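A.B. asks: Requesting a structural model of the entry that follows:
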Amino acid sequence: MPAQPTTLIPPRASADRRAPAATPGGALRRRAADATVWYLRLIAVLNIAAVLSLPFRQEVDEHNNGRLTLHLHRQHAHHSGQFFTPYLATAGLVSAALAIFFVLVMRRRKRAAWLVNVLLSTPVFALYVLALTQHAYRAHVFNWVSAALTGLFVAALLISRREFHAVGDPSNPRLALAVGVGGVALTGGLGTLLVHATNKLPGATLPDEIAYTLLRGVSVGPLADHVTAVHAPRWTDIVINVLLAAAFCLVLYAGFRSPRGRRLLGPEDEARLRTLLDRHGARDSLGYFALRRDKAAIFSPTGKAAVTYRVVGGVSLASGDPIGDPEAWPGAIDAWLTEARQHAWTPAVMGASEEAGTIYARHGLDALELGDEAIVDIGDFTLEGRAMRVVRQAHNRVRRAGYTVRVRRHEDIPADEMSLLIDRADHWRDGTTERGFSMALGRLGDPADGRCVMLECRDADDVPRALLSFVPWGEQGLSLDLMRRDRDAENGLMEFMVVELLLKAPDLAVDRVSLNFAMFRSVFERGSRLGAGPVLRLWHATLTFFSRWWQIESLYRANAKYRPIWEPRYLLFARSSDIPRIGLASARAEGFLTVPWGT
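C.D. replies: Purely as a prediction, here's the structure:
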């Protein structure tokens, strides 16, 4: 089923956890690293449950090391005693946010997160050991459990030290400090105003209100009750805790974000890629799109192959197949995955062919079939026959209306005419965003792209009405890059232009043309057939529904009319849980989703 992840070849190892050697020590380190993540998950759940649970608010006192100790009162005073909680268990949303964030970044093996946890948990464990020498703490089993859990966490951190190798952005500390100062000032100010407005006791000073607000930011327990001049409603406590937790989350993001991947395709790398395309460009119809200048390239040790990618939202997003000699693909893929691990980027590939998907699968990636690319073999194309009647009629109708098509290489178009075509293309674009990443070049009229092919369509009055641009696919192929039309022009204009190209392709020494990509094509093709199962029919109905807005089915129908060869394309990923994140990154890269903070 297209909707289910399909492993092309059983992965040898998870791409983000591959070890240089499968040693017993390495396995122990990986298990210890996983244990730290599970501990933090448990603490996050307990903190959130504590905040939401009113009974938990019973008697929480401040511990002498700045943490919290749980003070449980029993019916008789001689049974009372001092309790402390495991590392990061503070009954507050700030601690919950910290634990959740640590789960995310330590799962991605970030070195800074490991170091911060060591610096925080080791002194806490030492204080707990010291506290257990005192009778008030030693008398209760709960304290031994808390100390043991904290000690095991510290031990797991030390054992797994070599597992945390991902680096952060060098600018993170400065950014985190700025966000922290601004965030605490803003949320603390709002919290103080809220405390001032809802305080039930008279006579509180501004320092009292500020102290209460900051303590409430740490915990919703009775920690802030030590400020006796303030007594605010329960909802005020929770709002303050949520505000400061949100500010703390922003600080955590600023402090532990991955490097932005600002390196783009430079002239030297572009020249190397063009050399590889000259030798091996006929292998992949998407190969020329590797020359987008918002991508970066990483080469195999031999320099005979490269993976091109762009970092979007912490996802290292490659597209198409590796460029170059297939025998050197593994070296380029290894280099790309190694860089992704070093920076805690999530590796993903959009639009890989089955051949490349098989190689990627050997490096630990799974595959999900996205859809199919429509490829027309010029030798087999004909307008004759009943199956081509609709296309033939559309072509004849537009031709009778006086429309003509001129086909030229970009290098043969004079500069003034190219400027006019670029202006028309911008005018006809739907919206202000230039869309495309994996199957679009993102530029028109660049002198370096002289071998691209332009189709210019004019009406009977010689007015430009539409254009198509194709990039080279080796020496004898073309791949669709840009499709623009005047919306007031004749219906069927695109079909007319595509047919004109296919009929004139032999004059350009072109024997194959790659058209649009049809997402989930097999679902539309098989979902309406007799005997389709209930799951397939449901998936077909769902895609048909969303096609009202996203034109999923219409793209398939528009391609199918040319009777093409369908070549499957795959999304490759390391973990199934990464797919939503990869989907967002893909939408941003393709221009369908924009965010104010960029990449």
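
A.B. asks: mind listing the helices for the stretch 201-350 of the chain?
C.D. replies: Secondary structure of the stretch 201-350 of the chain by DSSP state H, counting those that start in this stretch: the helices cover 206-218, 234-256, 267-280, 329-342.

A.B. asks: Take these and write them to JSON lines, including distance to residue 566 and mean neighbour count.
C.D. replies: (C-beta placed from N, C-alpha, C; glycine too.) As requested, the helices of the stretch 201-350 of the chain are exported to JSON lines (distance: least, CB to CB, whole Å; neighbours: other CB atoms under 10 Å):
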{"stretch": "helix 206-218", "distance to residue 566": "57", "mean neighbour count": "21"}
{"stretch": "helix 234-256", "distance to residue 566": "42", "mean neighbour count": "20"}
{"stretch": "helix 267-280", "distance to residue 566": "23", "mean neighbour count": "16"}
{"stretch": "helix 329-342", "distance to residue 566": "24", "mean neighbour count": "21"}
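
A.B. asks: For residue 464, find the nearest of these.
C.D. replies: Closest approach to residue 464 among the helices of the stretch 201-350 of the chain (CB to CB): helix 267-280, 30.3 Å.

A.B. asks: Show me what the closest one is packed against.
C.D. replies: Helices and strands touching helix 267-280, by 3 or more CB pairs under 8 Å, 6 or more residues apart in numbering; DSSP states H and E, are strand 296-299, strand 305-312, strand 323-324.

A.B. asks: Pairing partners for the longest one, with directions?
C.D. replies: Translated: strand 305-312. strand 296-299 (antiparallel), strand 315-319 (antiparallel), strand 323-324 (antiparallel) (DSSP bridges).

A.B. asks: and the first one, how far from the chain's centre?
C.D. replies: On the basis of CA atoms, centre = their mean, to the nearest Å, the separation between the geometric centre of strand 296-299 and that of its chain is 19 Å.

A.B. asks: Show me the contact partners of that strand.
C.D. replies: 261, 263-265, 269, 272-273, 290, 305-311, 323, 332, 335-336, 339 (CB atoms under 8 Å, 6 or more residues apart in numbering).

A.B. asks: Please apply the same query to the last one.
C.D. replies: Under the criterion CB under 8 Å, 6+ apart, residues 273, 276-277, 279-280, 284, 287, 290, 297, 300, 304-308, 332 lie in contact with strand 323-324.

A.B. asks: Distance from it to the middle of the chain?
C.D. replies: Centroid separation for strand 323-324 versus its chain: 24 Å, with CA atoms, centre = their mean.

A.B. asks: ok now the longest helix seen in the chain, how far from the chain's centre?
C.D. replies: Of all the segments assigned as helix in the chain under DSSP state H, the longest by residue count is helix 24-52. Mean-position distance between helix 24-52 and its chain equals 24 Å (CA atoms, centre = their mean).

A.B. asks: helices and strands around it, which ones?
C.D. replies: With contacts taken as 3+ CB pairs under 8 Å, 6+ apart, helix 24-52 sits against helix 93-107, helix 141-159.

A.B. asks: Kindly recompute the last result at 10 Å.
C.D. replies: Helix 24-52 makes packing contacts with helix 93-107, helix 111-131, helix 141-159, helix 234-256 when contacts are defined by 3 or more CB pairs under 10 Å, 6 or more residues apart in numbering; DSSP states H and E.

A.B. asks: Measure how it sits relative to helix 111-131, angle-wise.
C.D. replies: Per axes from the mean of the first three to the mean of the last three CA atoms, to 10 degrees, the angle that helix 24-52 makes with helix 111-131 is 70 degrees.

A.B. asks: Report the inter-axis angle for helix 24-52 versus helix 141-159.
C.D. replies: 140 degrees.

A.B. asks: Compute the inter-axis angle for helix 24-52 and helix 234-256.
C.D. replies: Between the axis of helix 24-52 and that of helix 234-256 there is an angle of 150 degrees, by the same axes, to 10 degrees.

A.B. asks: quick one: buried residues of helix 24-52?
C.D. replies: Buried residues in helix 24-52, counting neighbours by 16 or more other CB atoms under 10 Å, are found at 29-30, 32-37, 39-40, 42-44, 46-48, 50-51.

A.B. asks: Repeat that for stretch 501-513.
C.D. replies: 501-505, 508, 510-513.

A.B. asks: which stretch in the helices of the stretch 201-350 of the chain has the least confidence?
C.D. replies: Least confidently modelled of the helices of the stretch 201-350 of the chain is helix 234-256, at a mean of 78 by mean pLDDT.

A.B. asks: Which of the contacts of strand 323-324 sits closest to residue 197?
C.D. replies: Using CB to CB, residue 308 is the member of the contacts of strand 323-324 that sits closest to residue 197, with 56.3 Å.

A.B. asks: Surely the closest one touches residue 289?
C.D. replies: Yes - Residue 308 lies in contact with residue 289 (CB atoms under 10 Å); the separation is 8.4 Å.

A.B. asks: Could you tell me which residues touch both of the two?
C.D. replies: Here residue 308 and residue 289 have 295, 319-320 as joint contacts, going by CB atoms under 10 Å, 6 or more residues apart in numbering.

A.B. asks: Was I right to think residue 507 contacts residue 408?
C.D. replies: No - applying CB under 10 Å as the test, residue 507 and residue 408 come out as separate, 11.2 Å apart.

A.B. asks: so can I have CSV of the shared contacts of residue 308 and residue 289 showing pLDDT?
C.D. replies: What follows is the shared contacts of residue 308 and residue 289, written out as CSV (pLDDT from 0 to 100):
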residue, pLDDT
295, 90
319, 89
320, 90
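
A.B. asks: of all these, which comes closest to residue 587?
C.D. replies: Nearest member of those to residue 587, counting by CB to CB, is residue 319, at 13.8 Å.

A.B. asks: measure residue 288 to residue 453 for me?
C.D. replies: 12 Å (CB to CB, to the nearest Å).

A.B. asks: Generate a PyMOL selection restricted to the buried entries among the shared contacts of residue 308 and residue 289.
C.D. replies: To isolate the buried ones among those in PyMOL, judged by 16+ other CB under 10 Å, type:
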select buried, resi 295+319+320
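
A.B. asks: okay, the longest strand anywhere in the chain in PDB with CA atoms only?
C.D. replies: Secondary structure of the chain per DSSP state E: the longest strand is strand 366-377. Extracted C-alpha coordinates of strand 366-377, given in PDB (Å, rounded to 0.1, in the frame of the first residue of the first chain):
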ATOM      1  CA  ASP A 366      13.200   3.000   5.200                       C
ATOM      2  CA  ALA A 367      11.100   3.900   2.100                       C
ATOM      3  CA  LEU A 368       7.600   5.200   1.600                       C
ATOM      4  CA  GLU A 369       6.300   5.300  -2.000                       C
ATOM      5  CA  LEU A 370       5.200   8.900  -2.700                       C
ATOM      6  CA  GLY A 371       3.900   8.500  -6.200                       C
ATOM      7  CA  ASP A 372       5.100   8.200  -9.800                       C
ATOM      8  CA  GLU A 373       6.900  10.300 -12.300                       C
ATOM      9  CA  ALA A 374       5.300  10.400 -15.800                       C
ATOM     10  CA  ILE A 375       7.900   9.800 -18.500                       C
ATOM     11  CA  VAL A 376       7.000   9.900 -22.200                       C
ATOM     12  CA  ASP A 377       9.100   7.800 -24.600                       C
END
